[in-house]
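Chemist: fold the following, please.
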Amino acid sequence: MSIPASTSKSVRVDAWLWAIRAYKTRSAATAACRAGHVRLNGNPAKAAQPVQPGDTIRVRQPGYERILEVRQLIAKRVGAEAASHCFTDHTPPRPVGPALGVPLRDRGAGRPTKKDRREIDRLRGDR
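Modeler: Coordinates of the predicted model:
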């Protein structure tokens, strides 16, 4: 399980995110940088911005935000186990329990009754 270390002093942020498997493709990592979903040390990151060991990268993905600390530079994609040695994940755990929002109803159950509506509002904390 050897990780091919990068010969340069820095790696592009989009290439690093792709190499550690945060994104499936490098173009997806580049698009996330362009859209402002990637922050490097608190500042919005451009795709070609260099990453160095010790940097903190915040990656906003659907439903949560990952906080990654760069431990080792890597420019080529490797296996998941080897890639996990290149960063430290500081992401807080996701809350476990019932999802807040609209409770699921059985298909074909129709519209909620007045009583159902009051219970839904009570669950949401609206009343």
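
Chemist: hey, let's count contacts and neighbours off CA atoms from now on
Modeler: Will do.

Chemist: shaky segments in this structure?
Modeler: 1-8, 95-103, 127 (pLDDT under 70).

Chemist: now with 90, please.
Modeler: 1-10, 61-64, 92-112, 116-117, 119-127 (pLDDT under 90).

Chemist: ranges for the helices of it?
Modeler: 13-19, 26-34, 80-83, 114-124 (DSSP state H).

Chemist: please identify the most buried of those.
Modeler: helix 13-19 (a mean of 25; mean count of other Cα atoms under 10 Å).

Chemist: so which elements touch that helix?
Modeler: helix 26-34, strand 50-51 (3 or more Cα pairs under 8 Å, 6 or more residues apart in numbering; DSSP states H and E).

Chemist: CA atoms only: put that helix into PDB for me.
Modeler: Presented in PDB, the C-alpha positions along helix 13-19 are these (Å, rounded to 0.1, in the frame of the first residue of the first chain):
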ATOM      1  CA  VAL A  13      -6.900  21.600  -5.200                       C
ATOM      2  CA  ASP A  14      -9.200  20.000  -7.800                       C
ATOM      3  CA  ALA A  15      -6.600  17.300  -8.600                       C
ATOM      4  CA  TRP A  16      -6.100  16.600  -4.900                       C
ATOM      5  CA  LEU A  17      -9.900  16.400  -4.200                       C
ATOM      6  CA  TRP A  18     -10.200  13.900  -7.100                       C
ATOM      7  CA  ALA A  19      -7.200  11.900  -6.000                       C
END
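
Chemist: neighbouring contacts of that helix?
Modeler: 23-26, 29-30, 33, 45-51, 73-78, 83 (Cα atoms under 8 Å, 6 or more residues apart in numbering).
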